[in-house]
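Undergrad: kindly generate the corresponding structure for this input.
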Amino acid sequence: MKRIAVIGAVLENPKISQKAFNETVSQYKDIVKGRMGIPFTEEDVGVIALTLLGELDAINALTGKLGNLPQVMVKTAVSGALKNEASPEVGV
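TA: Residues are numbered from 1 along each chain as shown. From the prediction side, this is the model:
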């Protein structure tokens, strides 16, 4: 079942971590529906929000890969099952 999710990421020292982050996200371009990035240049930090629409396994895989990158912290919020993706009622 497809879900909608938001991944929030904080990249410390983005000059080093941003390339690997972008390469990882591009591997999941089929589920990425939106992206917003805000650089905090003086603090040497980047903040990125990804909006996703995809299967829970793909969302979790992307979250895991991003979370394993050095100097990248991620948190994910995931919706429940979407109405148009819900299982048909049994016995109706």
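Undergrad: where does pLDDT dip in the chain?
TA: By pLDDT under 70, the weakly predicted segments of the chain are 85-92.
Undergrad: how near is residue 18 to residue 12?
TA: From residue 18 over to residue 12 the distance is 11 Å, taken as Cβ to Cβ, to the nearest Å. All C-beta atoms are positioned from the backbone trio N, CA, C, and that covers glycine.
Undergrad: out of the two, which sits in the more crowded spot?
TA: Between residue 18 and residue 12, residue 18 has the larger neighbour count (other Cβ atoms under 10 Å), namely 18 against 14.
Undergrad: residue 73 - nearest residue in space that isn't next to it in sequence?
TA: Distance criterion Cβ to Cβ, 6 or more residues apart in numbering; nearest residue to residue 73, sequence neighbours excluded, is residue 10 at 4.7 Å.
Undergrad: contacting residues for that neighbour?
TA: Applying Cβ atoms under 8 Å, 6 or more residues apart in numbering, one finds that residue 10 lies in contact with 45-47, 72-74.
Undergrad: just the helices in the protein please.
TA: Using DSSP state H, the helices of the chain run over 14-26, 56-67.
Undergrad: then the shortest one to CSV, C-alphas only?
TA: This points to helix 56-67. Taking C-alpha atoms only, helix 56-67 is exported to CSV below (Å, rounded to 0.1, in the frame of the first residue of the first chain):
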residue,chain,number,x,y,z
LEU,A,56,6.4,1.7,2.9
ASP,A,57,9.4,-0.5,2.1
ALA,A,58,10.8,2.1,-0.4
ILE,A,59,10.2,4.9,2.1
ASN,A,60,12.0,3.0,4.9
ALA,A,61,14.8,2.0,2.6
LEU,A,62,15.5,5.6,1.6
THR,A,63,15.2,6.8,5.2
GLY,A,64,17.7,4.1,6.3
LYS,A,65,20.2,4.9,3.5
LEU,A,66,20.1,8.6,4.3
GLY,A,67,20.4,8.0,8.0
